[in-house]
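In: Need a 3D model of the sequence below.
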Amino acid sequence: MPNLPRPGRGATLNAASARFNLPAREEDGDWLDARETLDGEPPPLRTSVTVEHPRTIITRNASPDIGFDRSINPYRGCEHGCIYCFARPTHAFHDLSPGVDFESRLFAKPDAATLLRAELMKPGYRVAPIALGTNTDPYQPIEGDWRITRAIVEVLAGCGHPLTITTKSDRVTRDIDLLGPMAAKGLAAVAVSVTSLTPAIARTLEPRAPRPEKRLAAVRALIAEGIPTFVSIAPVVPAITDHEIEHIVAAAADAGARGVFFLPVRLPFEVAPLFRAWLDAHFPDRAAKVMAIIRSLRGGERDNDPRFFDRMRGQGPWGDLIRARFAAACRRHGFDRERNRISLRTDLFRPPEGAQMRLL
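Out: Predicted structure coming up:
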């Protein structure tokens, strides 16, 4: 049997499938209340983790409306269970459900740090910030056991490589010992997602993610260590969370965040029917209104607009109104576009140790 990371107390390994079955955990408090009707009644949320061995770990993209050209995803699927997650459809490639399977049948890449080191050692490698957390959260609960994200950060810290992190978990503070020195050199920045400050909404919208106050506490802790930290209001869900825009901006300012930004909700592919089922379960009184506004934001006739640039901003009167309110709140609390800029150094990069021996 291969030497696999220890996934934590109480886990059992199915040797035939290299899949760990993890016991249910409640370390972040709230569990799932009601789930997508498309998946039927939810099973007990016992997370299984399948070991994945990709050939490479850095994913490249050429999207003109994204501020990075490379990213790393240590995991597939996400225990946080955010109903709006645009990454849910990726589980279909494994013949798994974008609903409950996406939240409980996960894939981990324990070779990630080794693969990353090998890619950084290639003679033709060109340095640019690597983004963590672009698809699924790098600090979801299983990171506490597997520590794959930390191993990746260790590699990047060791060779002076810049990185950005997006997360809705306060677990990111466990890596302050690495991120603090990197930030002091201009090599690291973090964005913490805060979608709602209302416990009842957060509990159903993001059922297994840390509570909003824990995320804001993480912002304070990161800022205290000199790590540029931003608050992401992503997504804004009209008629569900949009009334909180001003409050979240104020909370971000109070936490000392360097900047704040927002994105309207996106509902690609299978996410749309799952989201509708969630609305019917939790907000039946306004489900039709919410979907009507979302369609208005997306041109009036569809739930999602996949076009570059348009997908990241709302259209029409509702889009204009949300942007105006957000801009006014930012002015009130001293946030401006310049503070939202992330500029990381690339001149400190040195290939990981062993590169010269490899060439010889």
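
In: Convert stretch 148-155 to CSV, retaining C-alpha atoms only.
Out: Backbone C-alpha positions of stretch 148-155 (Å, rounded to 0.1, in the frame of the first residue of the first chain) are rendered in CSV as follows:
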residue,chain,number,x,y,z
ILE,A,148,-1.8,20.0,1.1
THR,A,149,-2.4,23.7,0.9
ARG,A,150,0.2,24.4,3.6
ALA,A,151,2.7,22.2,1.7
ILE,A,152,2.1,24.2,-1.4
VAL,A,153,2.6,27.5,0.5
GLU,A,154,5.9,26.1,2.0
VAL,A,155,7.3,25.5,-1.5
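
In: Identify each buried residue in the top helix by length along the chain, please.
Out: In the chain, ranked by residue count with DSSP state H as the criterion, the top helix is helix 316-332. Along helix 316-332, these residues count as buried under the neighbour rule (16 or more other Cβ atoms under 10 Å): 318, 319, 322, 325, 326, 329, 330. For the C-beta atoms, the positions are set from N, CA and C on the backbone; glycine is no exception.

In: Just put those in a markdown table and tack on distance to residue 94 and pLDDT.
Out: As requested, the buried residues of helix 316-332 are exported to a markdown table (distance: Cβ to Cβ, whole Å; pLDDT from 0 to 100):
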| residue | distance to residue 94 | pLDDT |
| --- | --- | --- |
| 318 | 36 | 94 |
| 319 | 35 | 94 |
| 322 | 35 | 96 |
| 325 | 40 | 98 |
| 326 | 37 | 97 |
| 329 | 41 | 98 |
| 330 | 40 | 97 |
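
In: just curious, which of those residues is nearest to residue 110?
Out: Looking at the buried residues of helix 316-332 and their distance to residue 110, the nearest is residue 326, at 40.0 Å (Cβ to Cβ).

In: isn't the closest one right up against residue 262?
Out: Yes. Residue 326 sits in contact with residue 262 when judged by Cβ atoms under 8 Å, with a separation of 5.5 Å.

In: Next, show the common contact partners of the two.
Out: Listed as contacting both residue 326 and residue 262 by Cβ atoms under 8 Å, 6 or more residues apart in numbering are 233, 245.

In: What segments of this protein are strands?
Out: Per DSSP state E, the chain has strands spanning 12-14, 19-21, 48-51, 59-60, 70-72, 75-76, 105-108, 130-132, 163-167, 188-193, 229-236, 259-264. These are given in chain order.

In: Residue 179: which of those is closest?
Out: When those are ranked by proximity to residue 179, the top entry is strand 188-193, at 5.0 Å, counting by Cβ to Cβ.

In: which of the strands of the chain sits most buried?
Out: strand 188-193 (a mean of 26; mean count of other Cβ atoms under 10 Å).

In: So which elements touch that one?
Out: For strand 188-193, the helices and strands in contact under the criterion 3 or more Cβ pairs under 8 Å, 6 or more residues apart in numbering; DSSP states H and E are strand 163-167, helix 176-184, helix 212-224, strand 229-236.

In: which residues touch the first one?
Out: Strand 163-167 is contacted by residues 68, 129-134, 137-139, 153, 156, 172, 179, 182, 187-193, 232, 342, 344 when judged by Cβ under 8 Å, 6+ apart.

In: Same question for the second one.
Out: Outside helix 176-184, the residues within contact range by Cβ under 8 Å, 6+ apart are 150, 153-154, 156-157, 163, 165, 172, 188-190, 221-222, 225-228.

In: how about the CA coordinates for that helix, as CSV?
Out: Provided in CSV are the C-alpha atoms of helix 176-184 (Å, rounded to 0.1, in the frame of the first residue of the first chain):
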residue,chain,number,x,y,z
ILE,A,176,0.4,33.0,9.2
ASP,A,177,3.9,31.8,10.1
LEU,A,178,4.5,31.3,6.3
LEU,A,179,2.3,34.1,4.9
GLY,A,180,3.6,36.8,7.2
PRO,A,181,7.2,36.7,6.1
MET,A,182,6.1,36.3,2.4
ALA,A,183,3.9,39.4,2.7
ALA,A,184,6.8,41.3,4.2
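
In: Enumerate the positions of that helix that are buried.
Out: In helix 176-184, counting by 16+ other Cβ under 10 Å, buried: 176, 178, 179, 180, 182, 183.

In: separation between the fourth one and residue 324?
Out: The reference is to residue 180. Note on residue 180: its distance to residue 324, by Cβ to Cβ, to the nearest Å, is 37 Å.

In: got it, and the second one?
Out: With distances defined as Cβ to Cβ, the gap from residue 178 to residue 324 amounts to 39 Å.

In: Same check on the first one?
Out: Summarising the geometry, the distance separating residue 176 from residue 324, computed by Cβ to Cβ, is 36 Å.
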